[in-house]
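Novice: Have a look; sequence and predicted model below, questions after that.
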Amino acid sequence: MWNENRPIYLQLKERVVGMMLDGLLKPGDALPSVRQVAADYQLNPITVSRAYQELVDETLVEKRRGLGMYVTDGAVDKLLSSERERFIREEWPAMVERIRRLGLDIEQLLRSTNVPPQGAPA
């Protein structure tokens with residue numbers, strides 16, 4: 001369930017981010033309580049709090065005193081923007097190199113995944 005090579009709080013944060021990107025958590029939705037997540041995943045509550053605090057620091061969620069943590073308006077747009085930038089900067093160059101090494105072209109790749117080329121009818 002947890003990767004031993006990465007801090008658990010970061011993995012938990014990434015799970016919450018994934019839920020936001022997948023539409024499972026929408027703006028205004030409450031995050032499960034720290035106690036609930038700690039109990040469900042058998043984690044130290046401090047670990048859960050640290051993951052949630054990172055989300056607060058990035059303004060993806062907000063603390064509402066006495067009520068809990070809530071997804072902020074614009075969180076998904078902010079995440080999409082940063083994830084797209086990270087993909088282009090970190091992942092895409094390696095993919096391009098692999099495509100080049102294998103001698104593939106874009107039309108071949110799109111056909112193999114049933115994705116029409118840009119501008120082509122679906």
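Specialist: Noted; the coordinates are in hand. Numbers count the residues shown, from 1 in each chain.
Novice: Tell me the buried residues in stretch 88-99?
Specialist: Residues of stretch 88-99 classed as buried: none (neighbour count, 16 or more other CB atoms under 10 Å). Bear in mind the C-beta positions are built from the backbone N, C-alpha and C, glycine included.
Novice: avg pLDDT for that stretch?
Specialist: Model confidence over stretch 88-99 averages 93 on the pLDDT scale.
Novice: One more: stretch 32-39?
Specialist: Averaging pLDDT along stretch 32-39 gives 96.
Novice: Next: stretch 108-117.
Specialist: Throughout stretch 108-117, pLDDT has a mean value of 76.
Novice: And for stretch 46-64?
Specialist: Model confidence over stretch 46-64 averages 97 on the pLDDT scale.
Novice: Flag every buried residue along it.
Specialist: Within stretch 46-64, the residues that count as buried by 16+ other CB under 10 Å are 47, 48, 50, 51, 52, 54, 55, 60, 61.
Novice: Pull the distance from the helix or strand where the fourth one lies to the chain's centre.
Specialist: Element membership for residue 51 (DSSP states H and E) is helix 45-57. Here the centre of mass of C-alpha atoms in helix 45-57, compared against the chain's by CA atoms, centre = their mean, to the nearest Å, lies 15 Å away.
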